[in-house]
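Student: Fold the following and give me the result.
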Amino acid sequence: MIDRFKKKFLFPESNLTEVLKKSSHSLLVNIGGLIGCLLLSIFLGQALGVEGFGIISLAVKIGSIILIFCLLGMKRIIVKEVAIGVESERWGYIDNVMRSSYIINGGMTHIITMILALLAPYLSNYFFNDARLSVPLIIITMSIVPQVFSKIFSSGLLGFNKIWQGNFIDQSVDYLAVGGILLALWFFSVEINIVTATISYLAGRFIIVLGFGIYYREIFSFNFSVKETSFVGGRLLRTSLPLLLVGASGIIASNADSIMIGWLSSSHEVGLYVVAARVALLTSLLLQVTNSAVSPKIAALFSKGEQKKIEGLVQKITALLIIFAIIPLAIFFLFGAKILAIWGSEFSDGYWILIILSIGQLFNLSTGSAGLILMLCGQEKLQGLISVSFVILNLILNYFFILYYGVTGAAFATALTVAGKNIIQVIFVKKNIGISTLPTHWKYFSIN
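Tutor: Numbering: from 1, shown residues only. Sure, this is the predicted structure:
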């Protein structure tokens, strides 16, 4: 059976084999980050209960949205410009890029975080109707400053082709640092509450930025003339700001539902929803990894006009993704309540939230790399329009569904928009590019 599977999916000349090999390192980094995230959330869930975990999650979600605006879409631009500098050995130019981003992003971050810190008591008392959120929100806001510089360092490392190191900062190290501090507090019998937990986030992020800042300076140890230094921030911003819209739409889409639950409902329901969503999103890990690995292959094949090869590649990947989506969904149906109870017995009330969100993820995986194909095959504006449209739809549906159906309504709204967005993307990929991402033959599911 294994030999037949290899012949069907992984024959030596297959583009799929190349994709899976290239994705292995990214997969390991993502798995490490995922495990760290889950363990941290389990620890906090058991230590703080549903409401305490909901308050922490709400503060972190708000911080995530603020972070993307502080970065101004600069991450990809830094990677690109540093890589160009490395290729041409223009070390002074690399220094210009990094210093300019420190000034622009650092300045913007300090302004935004100061405003948010001043508004935190008002937002907590009058917008979210929970005064307990105020102090955690202020602390998380303060932690955005080191977080921004960590993102700049990770982008610089990626530009130097330090791939796993850059991804490690971006994906995993945050959870490990915060988790390590919390474990130390627990070991020394320090009470774990919403304040000490958020202080752990702040301390962990400062440790990360100091450690990797030193590491980056070790990597960037080249001599260059002082005459080469200049501010290139204006040119970087002209390129990065259009990317801010794309990045912001994704971050808002993944965090707005939790924030709107905190606004329209309660911290208790935020806690239930965040844990259920985290478990449901486990199934999307493979899609993220394969998308990052398959991107260069799709771009190269499209440049040669080989749409049929792209279609064959993505259909095989989609067939595998469908299998990996159905199995967890079945497990969640049977054991979802017990899985959620790992965070604490109260969290098992999120069973139906988990099921609904998992059905949305089934659509996400079952439609394959449709959104990625639009981005890589000359349909960037269309993909941007689709993304922004469904973010707006998601916000509208969440508002009304939460008002009438509470946290379960938020799950329905999110699942509907995830499914709708992916279906629309599949339609436009077929219509505009002539590629079907859906398996058109049962042979992809058969090993006979």
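
Student: which stretches of the stretch 1-150 of the chain form helices?
Tutor: 2-9, 15-71, 74-88, 91-122, 134-159 (DSSP state H, counting those that start in this stretch).

Student: Using PDB, write out every CA atom in the third one.
Tutor: Output of helix 74-88 as PDB, limited to C-alpha atoms (Å, rounded to 0.1, in the frame of the first residue of the first chain):
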ATOM      1  CA  MET A  74       7.600  46.600   5.900                       C
ATOM      2  CA  LYS A  75       8.500  43.000   6.700                       C
ATOM      3  CA  ARG A  76       8.500  41.700   3.100                       C
ATOM      4  CA  ILE A  77      10.200  44.800   1.800                       C
ATOM      5  CA  ILE A  78      13.000  44.300   4.400                       C
ATOM      6  CA  VAL A  79      13.500  40.700   3.300                       C
ATOM      7  CA  LYS A  80      13.600  41.700  -0.400                       C
ATOM      8  CA  GLU A  81      16.000  44.700   0.000                       C
ATOM      9  CA  VAL A  82      18.400  42.900   2.400                       C
ATOM     10  CA  ALA A  83      18.500  39.900   0.000                       C
ATOM     11  CA  ILE A  84      19.400  42.300  -2.900                       C
ATOM     12  CA  GLY A  85      22.100  43.900  -0.700                       C
ATOM     13  CA  VAL A  86      23.600  40.500   0.200                       C
ATOM     14  CA  GLU A  87      23.600  39.300  -3.400                       C
ATOM     15  CA  SER A  88      25.500  42.400  -4.500                       C
END
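
Student: coming back round to it: can you put the helices of the stretch 1-150 of the chain in TSV and add mean pLDDT, distance to Leu237 and mean neighbour count?
Tutor: Yep, even glycine has a C-beta here, placed from its N, CA and C like the rest. Converted to TSV, the helices of the stretch 1-150 of the chain look like this (pLDDT from 0 to 100; distance: least, Cβ to Cβ, whole Å; neighbours: other Cβ atoms under 10 Å):
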stretch	mean pLDDT	distance to Leu237	mean neighbour count
helix 2-9	48	44	12
helix 15-71	81	12	20
helix 74-88	81	8	19
helix 91-122	90	7	18
helix 134-159	91	14	24
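
Student: Would you mind giving those as JSON lines with distance to Ser436 added?
Tutor: Converted to JSON lines, those look like this (distance: least, Cβ to Cβ, whole Å):
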{"stretch": "helix 2-9", "distance to Ser436": "18"}
{"stretch": "helix 15-71", "distance to Ser436": "16"}
{"stretch": "helix 74-88", "distance to Ser436": "29"}
{"stretch": "helix 91-122", "distance to Ser436": "41"}
{"stretch": "helix 134-159", "distance to Ser436": "33"}
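
Student: closest one to Ala337 among those helices?
Tutor: If you check each of these against Ala337 by Cβ to Cβ, helix 15-71 wins as the nearest, at 14.4 Å.

Student: Distance check, Lys338 against Ser57.
Tutor: Taken as Cβ to Cβ, to the nearest Å, the spacing of Lys338 relative to Ser57 amounts to 22 Å.

Student: From Thr414, how far off is Lys80?
Tutor: 32 Å.

Student: go on, Gly384?
Tutor: Taking Cβ to Cβ as the measure, Gly384 falls 20 Å from Thr414.

Student: more neighbours, those two?
Tutor: When Gly384 is set against Thr414 and neighbours are counted by other Cβ atoms under 10 Å, the residue ahead is Thr414, at 27 against 17.

Student: How about the more buried one, nearest residue that isn't a chain neighbour?
Tutor: With Cβ to Cβ, 6 or more residues apart in numbering as the measure, Asp257 is the residue that lies nearest to Thr414, at 5.1 Å, once sequence neighbours are left out.

Student: Could you give the average pLDDT over the strand or helix carrying that neighbour?
Tutor: Using DSSP states H and E, the secondary-structure element containing Asp257 is helix 233-264. Within the predicted structure, the mean pLDDT of helix 233-264 is 81.

Student: Show me what it packs onto, helices and strands only.
Tutor: Contact here means 3 or more Cβ pairs under 8 Å, 6 or more residues apart in numbering; DSSP states H and E; on that basis helix 233-264 packs against helix 15-71, helix 74-88, helix 91-122, helix 267-280, helix 380-428.
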